[in-house]
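Enquirer: Dropping the sequence and predicted coords here.
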Amino acid sequence: MPVLPIVRCQSFEQAVEDAVVAEHGNRHTASIFSKDVDHMTHRLCAAMRVVTDVQNRRFGALAASLDALSPLKVLARGYAVAQSGDGTILKNAADAAVGERIRVRLAQGSLQCDVVDKED
């Protein structure tokens with residue numbers, strides 16, 4: 001195998017051409033580079049498949065978590081969201097006044113309700 005100097009080339013193709021010229025057309029270096037490129041291409045494709053599979057599984061798990069936490073899914077499980085007249089979400093009974101009209105959002109539709117009594 002000939003010993004070739006290390007030189008900087010503009011592209012891979014130019015490097016192969018320079019190597020062929022340097023070894024007087026024997027193409028030994030070109031075939032080695034070609035095999036290396038094939039090997040690296042197969043390794044890169046395999047690594048990309050692994051990364052893609054891992055990311056697809058991660059995406060699926062995150063999508064499932066997001067779906068479970070969706071406000072609409074929470075409502076579908078039987079929970080409701082109560083809002084004051086100005087649209088503020090009510091988190092405590094103290095946030096609403098007796099006689100106040102509130103909106104209660106359900107999975108299907110909403111209710112307009114009057115606060116008759118409160119329990120803290």
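Expert: Alright, I've got the coordinates.
Enquirer: where do the helices sit along this protein?
Expert: Along the chain, counting by DSSP state H, helices occupy 12-22, 28-69, 71-76.
Enquirer: export those helices to TSV and tack on mean neighbour count?
Expert: Any C-beta I mention is one placed from the backbone N, CA and C, and that applies to glycine too. Below are those laid out as TSV (neighbours: other Cβ atoms under 10 Å):
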stretch	mean neighbour count
helix 12-22	14
helix 28-69	11
helix 71-76	12
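Enquirer: Distance to residue 82 and mean pLDDT for those - can I get that in TSV?
Expert: Shown next, in TSV, are these (distance: least, Cβ to Cβ, whole Å; pLDDT from 0 to 100):
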stretch	distance to residue 82	mean pLDDT
helix 12-22	66	77
helix 28-69	19	86
helix 71-76	12	87
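Enquirer: Make TSV from these and add distance to residue 93 to it.
Expert: Converted to TSV, the helices of the chain look like this (distance: least, Cβ to Cβ, whole Å):
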stretch	distance to residue 93
helix 12-22	72
helix 28-69	25
helix 71-76	20
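Enquirer: Report the buried residues of stretch 87-97.
Expert: Residues of stretch 87-97 classed as buried by neighbour count (16 or more other Cβ atoms under 10 Å): 90, 96.
Enquirer: which residues does the residue of the chain most remote from its centre contact?
Expert: In the chain, residue 24 marks the outermost C-alpha relative to the chain mean, sitting 51.6 Å out by Cα atoms, centre = their mean. The contact partners of residue 24, by Cβ atoms under 8 Å, 6 or more residues apart in numbering, come to none.
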